[in-house]
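Enquirer: below is the structure, and that's it, no one-letter string:
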């Protein structure tokens, strides 16, 4: 599957099928720090991803000290 | 995974709440959390005019959208910080949002209206960029609110922002900052009321809210903030949250309930003793306020320009 990671933007290939949770674990990404999007729609962590899916893993962490 | 409320397919799972929601029930959840924050902390009275501090990022745009949906008279203020392409792009997101929903957006341009931008200003004043930026935002948002007749300034600080700030303040046991950290700062002479209605919602929920509402926001991180301590604290707290869901909310809200009062008295006394700044008239402990001192140093003719992304010495 094609995975686009944000901040900074880069594209990687990951072998499927696997769940969103398993994908994040494989990439050592803390689930609390991202949302996962397929075709402009959010998906929860138990959704099974196919090899043909194009996935965006978007960081949600932002901001300087105020 | 099914929605906890209606059993339709879920689009997001929130381990902190031991729940998953479909789109409609997630929006309802976000609205309810904001309503509860406003109610619990007496943030906004019906009929009060609210100025939303808008950055073009997910939190401030989601906040503006939610307040609008809840029926508050909320207008936006965008502060152009002069941080190159980042500021150009974030300003476009703020304007596009206001146009789409027919809302009023006020604008202040730091380089054009005040005479310096954050990269050069922080360098000239020998302050960290995030420090100069925070100081400028607090001063200019308050000034705009009082001049334009708004009762309340609402900022998009969320649960993650506040937990990270609390973590940093606690590591240093900074009593003054701990005393100031609260979701509402009441109005006082020269100060509009300041509120943080997103304090019960995490930044993952705010990003999800924008994606599901089709609200476009700036995805890039501010180039001046990259690598700062605040982001490192968020990363640490997210690791903790992963192994102990609800830890961030417990840390923050138990502070508000049990500890904040022990630090608050000094802040009230300090606020009561303020005088008018000799330059701009804003409240300050004595003489020139911190923003006027920053402005004076940043606009000196010998100030050294810097390029975006360079760290201050």
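Expert: Structure received. Small disclaimer: the values here were computed from a predicted structure and weren't measured. Residues are numbered from 1 along each chain as shown, chains lettered A, B, ... in the order given.
Enquirer: tell me how far the closest residue to chain A within the stretch 51-200 of chain B lies from residue B:218.
Expert: Residue nearest to chain A within the stretch 51-200 of chain B (CB to the nearest CB): residue B:130, separated by 3.4 Å. C-betas here are computed from N, CA, C, even on glycine. Counting by CB to CB, to the nearest Å, the separation of residue B:130 from residue B:218 is 17 Å.
Enquirer: got the residues of the stretch 1-150 of chain B near chain A?
Expert: Neighbours of chain A within the stretch 1-150 of chain B, by CB under 8 Å from any CB of the partner chain: B:1, B:10-13, B:15, B:20, B:57-59, B:129-131, B:133-134, B:137-138.
Enquirer: that older thread, after the helix or strand hosting the residue of the stretch 51-200 of chain B closest to chain A, next one along is what?
Expert: Element membership for residue B:130, per DSSP states H and E: helix B:129-148. Following helix B:129-148 in sequence order, the next helix or strand is strand B:152-154 (DSSP H and E).
Enquirer: quick check: mean pLDDT across that next one?
Expert: Averaging pLDDT along strand B:152-154 gives 98.
Enquirer: other SSEs contacting it?
Expert: Applying 3 or more CB pairs under 8 Å, 6 or more residues apart in numbering or on different chains; DSSP states H and E, we find strand B:152-154 packed against strand B:49-54, helix B:129-148, strand B:193-195.
Enquirer: give me the beta-bridge partners of the spatially most central residue of chain A?
Expert: Nearest to the mean C-alpha position of chain A, by CA atoms, centre = their mean, lies residue A:57 at 2.8 Å. The partner list for residue A:57 in beta bridges (DSSP bridges) reads residue A:5, residue A:36.
Enquirer: what's the single longest strand in chain B?
Expert: In chain B, with assignment by DSSP state E, the single longest strand is strand B:73-80.
Enquirer: rewinding a little: average pLDDT across the helix holding residue B:130?
Expert: For helix B:129-148, mean pLDDT rounds to 93.
Enquirer: need the per-residue pLDDT for the closest residue to residue B:199 other than its chain neighbours.
Expert: Residue nearest to residue B:199 in three dimensions, not counting chain neighbours: residue B:183, with 4.4 Å by CB to CB, 6 or more residues apart in numbering or on different chains. According to the prediction, residue B:183 has pLDDT 98.
Enquirer: for residue A:13, same thing?
Expert: Residue A:13 carries a pLDDT value of 95.
Enquirer: quick one: it from residue A:3, how far?
Expert: Residue A:13 sits 7 Å away from residue A:3, going by CB to CB.
Enquirer: what about residue A:54, neighbour count?
Expert: Close neighbours of residue A:54, defined as other CB atoms under 10 Å in any protein chain shown, add up to 13.
Enquirer: returning to that earlier point: right, so the helices and strands packed on strand B:152-154: which one is the most enclosed?
Expert: For the helices and strands packed on strand B:152-154, the largest average neighbour count (mean count of other CB atoms under 10 Å in any protein chain shown) is found in strand B:49-54, namely a mean of 25.
Enquirer: packing partners of that one?
Expert: Judged by 3+ CB pairs under 8 Å, 6+ apart, strand B:49-54 is in contact with helix B:58-69, strand B:73-80, helix B:129-148, strand B:152-154.
Enquirer: for residue B:213, which of the ones you listed is the nearest?
Expert: helix B:58-69 (6.4 Å; CB to CB).
Enquirer: what segments of chain A are helices?
Expert: Assigned by DSSP state H, chain A shows helices spanning A:20-26.
Enquirer: and it, which residues reach chain B?
Expert: For chain A, the residues in contact with chain B (CB under 8 Å from any CB) are A:6-7, A:30-35, A:37, A:40-47, A:58, A:60-66.
Enquirer: can I get the buried part of those as one PyMOL selection?
Expert: Selecting just the buried residues from the residues of chain A next to chain B in PyMOL takes one command, with 16 or more other CB atoms under 10 Å in any protein chain shown as the test:
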select buried, chain A and resi 6+30+31+32+33+34+35+37+42+43+44+45+47+58+60+61+62+63+64+65+66
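Enquirer: circling back to that earlier point, report how many residues lie close to the residue nearest to residue B:199.
Expert: Residue neighbour count, defined by other CB under 10 Å, stands at 22 for residue B:183.
Enquirer: who are the contact partners of it?
Expert: By CB atoms under 8 Å, 6 or more residues apart in numbering or on different chains, the contact set of residue B:183 is B:37, B:41, B:43, B:162, B:195, B:196, B:197, B:199, B:256.
Enquirer: most neighbours, which of the residues you listed?
Expert: Neighbour max across these (other CB under 10 Å) = residue B:197, 30 neighbours.
Enquirer: helix, strand, or coil at it?
Expert: Counting by DSSP: H, G, I helix; E, B strand; the rest coil, the backbone at residue B:197 sits in coil.
Enquirer: these two touch, right, it and residue B:62?
Expert: No - using CB atoms under 8 Å, residue B:197 is not in contact with residue B:62, being 10.3 Å away.
Enquirer: hang on, the earlier thing: quick one: the longest strand of chain B to helix B:129-148, angle?
Expert: Per axes from the mean of the first three to the mean of the last three CA atoms, to 10 degrees, the angle that strand B:73-80 makes with helix B:129-148 is 140 degrees.
Enquirer: how far is strand B:73-80 from where the chain is centred?
Expert: Per CA atoms, centre = their mean, to the nearest Å, the displacement of strand B:73-80 from the mean C-alpha position of its chain is 12 Å.
Enquirer: point out where chain A drops to low pLDDT.
Expert: A:64-66 (pLDDT under 70).
Enquirer: can you give me the strands in it?
Expert: Using DSSP E, the strands found in chain A span residues A:2-5, A:10-13, A:18-19, A:34-38, A:41-42, A:48-49, A:54-59.
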